[in-house]
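Visitor: Here's a sequence, model it:
(one chain, ligands or ions: 1)
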Amino acid sequence: MPSANRQQPTVNSQTSSPGGFRGLIGQERAARVLQRGLKTGRTAHAYLFAGPEGVGKRTAALALAQALNCQRGDAVDDGCSACQSCRKIARGLHPDVQVVEPDGATLKIDQVRALGADAALRPYEGKRKVFILQGAEKMTEQAANALLKTLEEPPGWTVVVLLTITPSALPLTIVSRCQTVIFSAIASDALQAYLVATGIDHTQARLIVSCSGGSIGRALSPEVVSLGSSRDLFLEELGRGLRDGPAALIDLAERLAKDREGLRQNLEFLSAWLRDLMVAKVSRRQEWLINQDRGEEVAQQAEGLPLNAILDSLRVVNGTMDGLTRNANPRLSLEDLLLQLRASVSTGLLQVSA
Ligand SMILES: [Zn+2]
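Guide: The predicted structure is shown next:
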């Protein structure tokens, strides 16, 4: 087990950081597009930041707001993080920079109307007013129509940044008035380097990266930070189920299926474990393993299993994960998966001593 007493990073450590584009991890392309606009004084009045959850869209929007309002000078391509304006923005205290989040399940017309009314007024103390709309795909139709009015005739000092994970869910009339900036899942090595820099040890960082789906938000969530122990619990339960037989596996499937978010993570653990068995089968290089902290068990299990059985199992697990993203029934898919695992690998696999 990795040591439990290292400093635990939290999502807050990122949002309360001084910010700026320097604080953005693994989004060089998006940063380049935005910083070029800043440098040449040609920022758009409306942006659409599109990309997966937790990859830095909000961080980038705040960095843009800092650069536009930095007191160090005009047309800087990054905020200084030190002036009063940059600091206020980083702490969410700047009156000209607002983050609007969905009120419950939707972004409502009243929220967008308030934004429009505020946008019409000159900045209170900064140079530009920046409105960041989080979860823009959750705008109701009326809210989108109200926003359109602001986007059609934006006051010169206003910048609106829409953040979304599903740009296709936004009306074209809105999208066509925005400059779209694409954010991608963060590359594994960039995320790994970032985690190590925050003080997480290499082994743990690898495990976290393998379960984060390229999302820094997810990588820093408390559940993922305590990953080692969740993995051990899951593998132990699975090992017991495989040993005890079909009835126990059906029971386990039912329990696991109840927690959708946990289920995805557990399947990622399983996929990473099988992947390691495959690696161990073809190489002795411990440093290639995701589960380096349990390298010995990986090697032992790999020895007792034919490569084909490992590959078959890995295929089944990845197929199940695909199916679940396409809304397959979790309990049935999981029953299927567990019974196939039992058939394709010996019951000795995944017997994990806690
Ligand atoms: Zn500044």
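Visitor: Please enumerate residues in contact with the longest helix along the chain?
Guide: Longest helix in the chain, counting residues (DSSP state H): helix 260-282. Outside helix 260-282, the residues within contact range by C-beta atoms under 8 Å, 6 or more residues apart in numbering are 207, 210-211, 223-224, 230-231, 234-235, 238, 256-257, 285, 288-291, 295, 298-299, 301-302, 305, 307, 310-311, 313-314, 317-318, 320-321, 324, 330, 334, 350. To be clear about C-beta, it is placed using only N, CA and C from the backbone, and glycine gets the same treatment.
Visitor: So what are the structural domains in the chain, by residue number?
Guide: What automatic domain parsing lists as the domains of the chain is 11-182, 226-344.
Visitor: quick one, longest strand in the protein?
Guide: strand 158-164 (DSSP state E).
Visitor: and the gap between whatever residue of the stretch 201-350 of the chain ends up closest to the ion and residue 176?
Guide: Among the residues of the stretch 201-350 of the chain, residue 216 lies closest to the ion, at 23.5 Å counting by C-beta to the ion. When distance is defined by C-beta to C-beta, to the nearest Å, residue 216 is 30 Å away from residue 176.
Visitor: okay, those two: which has more neighbours?
Guide: Taking other C-beta atoms under 10 Å, residue 216 and residue 176 do not tie; residue 216 has more neighbours (25 against 10).
Visitor: which residues does the more buried one contact?
Guide: Contact analysis of residue 216 by C-beta under 8 Å, 6+ apart lists 14, 25-26, 54-56, 186, 191, 194.
Visitor: try residue 302
Guide: Residues in contact with residue 302 (C-beta under 8 Å, 6+ apart) are 276-278, 280-281, 310.
Visitor: tell me the contacts of residue 89?
Guide: 19, 62, 65-66, 69, 79, 97 are the contacts of residue 89 under C-beta under 8 Å, 6+ apart.
Visitor: change it to 6 Å
Guide: Residue 89 sits next to 62, 65-66, 97 when contact means C-beta atoms under 6 Å, 6 or more residues apart in numbering.
Visitor: next one: residue 289
Guide: Applying C-beta under 6 Å, 6+ apart, the residues contacting residue 289 are 276, 295.
Visitor: Just want the phi and psi numbers for it.
Guide: Backbone geometry at residue 289, expressed as degrees, to the nearest 10, gives phi -80, psi 150.
Visitor: How about residue 155?
Guide: According to degrees, to the nearest 10, residue 155 has phi -60, psi 150.
Visitor: which bits of the protein sit near the ion?
Guide: Within the chain, the positions near the ion by C-beta under 5 Å from the ion are 70, 72, 79-80, 83, 86.
Visitor: Let's see if you can find the most crowded of those.
Guide: Neighbour tally across the residues of the chain next to the ion (other C-beta under 10 Å): the maximum, 30 neighbours, falls on residue 79.
Visitor: Can you verify my assumption that it contacts residue 85?
Guide: No - with contacts defined as C-beta atoms under 6 Å, residue 79 does not count as touching residue 85, sitting 7.8 Å away.
Visitor: do you know how far the residue nearest to residue 334 when sequence neighbours are not counted is from residue 271?
Guide: Among residues not flanking residue 334 along the chain, residue 253 sits closest, at 3.9 Å (C-beta to C-beta, 6 or more residues apart in numbering). Separation of residue 253 from residue 271 (C-beta to C-beta): 17 Å.
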